[in-house]
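Colleague: quick one: sequence and predicted model below, then my questions.
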Amino acid sequence: MTRKIIIDTDPGQDDAIAILLALASPEDLDVLGIVAVGGNIGLAQNARNALKVVELSGRTEVPVYAGCERPMRRMLVTAEHVHGPTGLDGPDLPEPKKKLEAQHGVDYIIDTLRSEEPGTVTLCTLGPLTNIGMALVKAPDIAPRIREIVMMAGAYFEVGNFTPAAEFNVYVDPEAADVVLRSGVPITMIPLDVTHGVLSYAHRIEGFSGIGNKAGRAVAEMILFSQKFDLEKYGNEGAPLHDPCVIAWLLEPDLFKGRKINVTIETASELTRGMTVADYWQITDRPRNVLYLRSADDAGFYRLLTERLARLP
Ligand code: RIB
Ligand code: CA
C-alpha cells in the first residue's frame, strides 16, 4: 500500500536528494505535491530548484507549489554559505520548463488534507516549518486529518549547527516549530543526532556517480559542493546527509532507532532561540509528543539511497 505524502522543502542539495529518493519510490510513496518554503535560500529560488529536481527525476507530473517567503514572526535567515548562491550549487541543471502551480502552498496543504481521506496523508518537512505552522493556524481542522509529520529538525546530543543551541530548520522559524509540536499530530523527528551519523564518505559519493545515470552524477556533484562547509567545520571524512533520512524513515523504518519523548521549542530566549529541548531521559511529565530518532544504520541508508537513485533517468 503506497503512502500519500506532501514534501515541504527548501532545496538545498540534501533536500534535492530527498526529493529524488521519494520520486524514485512510486511503489512505496505517492508524492501528491511538493511545496517550497523560505529557508536555505529565498523562496523563489527554492521553488525553482524544486522544479529542476522534479525534471531531473523525470516525474514531471508531480505538482510544485510556492509556500511562505518568511517565518511566521521573524525575518528569514538563509544558508548560502553552505548551499551556494543558487541554493543548489554543484550540478549544472537546466532552467526548468515546468511551471509552479498558481495556488499558494499553504492553501494546497489545507485543501489536500481536507479532500483526502482523514489520516492518509503524511507531511514530510525538510526545511523550516513555516508552511505547516501557518496551515495549522489558518485551518485547525486539518490537525486530526494528518497521518504523521516526519521532519528533519532539531538536535539534542549533537547540539546545534546554526547556533550552539539550535539546528537551522528550527532556528529559522521557532514559532512555527512550536505550533507544530503542540498540535497533537503524530510527529517523527529526525534530528542532527541521526543525520550526523550518516556521513557521505568518498566511497559513498563514488557509489552515486558510479550508478552511471544523470541522477547519480547530479547527486555526487551536489554533495561534493555542499560538503565543503561541514568537512571544514567538523573535520570528519564525510559530511552529514540530513533530509533524505526523512524519506528513508518512510521506506525502511528499521534503519532507525528512537523513543517517544517530550520535545519543546525555545521561542523566547535570543541565546537559545530554536533549541529543541528534548526530555530524552523523561524526567518531566510533559506530554510525549514526538517519536525522537537518535540513530541510524548508515550503511543501510546509503545502500537504500544508491539502489533507489539507480531507478531514475
Ligand atoms: O540543519 C539541516 C537542515 O537545514 C537541512 O534541512 C538542510 O537542508 C537545511 O535546510
Ligand atoms: Ca532542507
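Modeller: It's in. Ligands and ions are numbered 1, 2, ... in the order given.

Colleague: how close does residue 292 sit to ligand 1?
Modeller: According to CB to the nearest ligand atom, to the nearest Å, residue 292 stands 16 Å off from ligand 1. Glycine gets a C-beta too; all of them are placed from N, C-alpha and C.

Colleague: could you check the pLDDT of that residue?
Modeller: At residue 292, the model reports a pLDDT of 98.

Colleague: what pairs with the helix or strand that contains it, and is each one parallel or antiparallel?
Modeller: Using DSSP states H and E, residue 292 sits within strand 290-296. Strand pairing for strand 290-296, determined by DSSP bridges: strand 187-190 (parallel), strand 256-261 (antiparallel).

Colleague: packing partners for the next helix or strand after the last one?
Modeller: What it means is strand 256-261. Elements were assigned by DSSP H and E; along the chain past strand 256-261, the next helix or strand is strand 263-265. Applying 3 or more CB pairs under 8 Å, 6 or more residues apart in numbering; DSSP states H and E, one finds that strand 263-265 makes contact with helix 174-181, strand 276-278.

Colleague: just how off-centre is strand 263-265 within its chain?
Modeller: Centroid displacement of strand 263-265 relative to its chain, using CA atoms, centre = their mean, to the nearest Å, is 18 Å.

Colleague: quick one: residue 148 and residue 187 touch, right?
Modeller: Yes - assessed by CB atoms under 8 Å, residue 148 is found in contact with residue 187 at 7.2 Å.

Colleague: out of these two, which sits in the busier spot?
Modeller: More neighbours surround residue 187 than the other of residue 148 and residue 187, with 22 against 19 (other CB atoms under 10 Å).

Colleague: just the strands paired with strand 290-296: most buried one?
Modeller: strand 187-190 (a mean of 26; mean count of other CB atoms under 10 Å).

Colleague: need the helix or strand of this structure with the lowest average pLDDT.
Modeller: For the chain, counting by mean pLDDT, DSSP states H and E, helix 80-83 ranks last in confidence among helices and strands (a mean of 94).

Colleague: mind listing what's buried along it?
Modeller: 82, 83 (16 or more other CB atoms under 10 Å).

Colleague: that helix near ligand 2 anywhere?
Modeller: No - using CB under 5 Å from the ion, helix 80-83 stays clear of ligand 2, coming no nearer than 8.8 Å.

Colleague: which outside residues touch that helix?
Modeller: 12, 13, 40, 41, 87, 89, 226, 229, 230 (CB atoms under 8 Å, 6 or more residues apart in numbering).

Colleague: the fifth one: neighbour count?
Modeller: The number of residues packed around residue 87, counting by other CB under 10 Å, is 25.

Colleague: and for the second one?
Modeller: By other CB under 10 Å, the residues close to residue 13 number 31.

Colleague: contact partners for it?
Modeller: 83, 88, 89, 90, 222, 223, 225, 226.

Colleague: isn't the third one up against residue 225?
Modeller: In other words, residue 89. Yes - using CB under 8 Å, residue 89 is in contact with residue 225, at 4.8 Å.

Colleague: in the chain, where's the longest helix?
Modeller: If you go by DSSP state H, the chain has its longest helix at helix 214-234.

Colleague: list of residues touching the very next helix or strand once past it?
Modeller: Later in the chain than helix 214-234, the nearest helix or strand by DSSP H and E is strand 239-240. Applying CB under 8 Å, 6+ apart, the set of residues contacting strand 239-240 from outside is 192, 195-200, 223, 226-227, 229-231.

Colleague: ok, strand 239-240: who's next to it in the sheet?
Modeller: Here strand 239-240 is paired, per DSSP bridges, with strand 199-200 (antiparallel).
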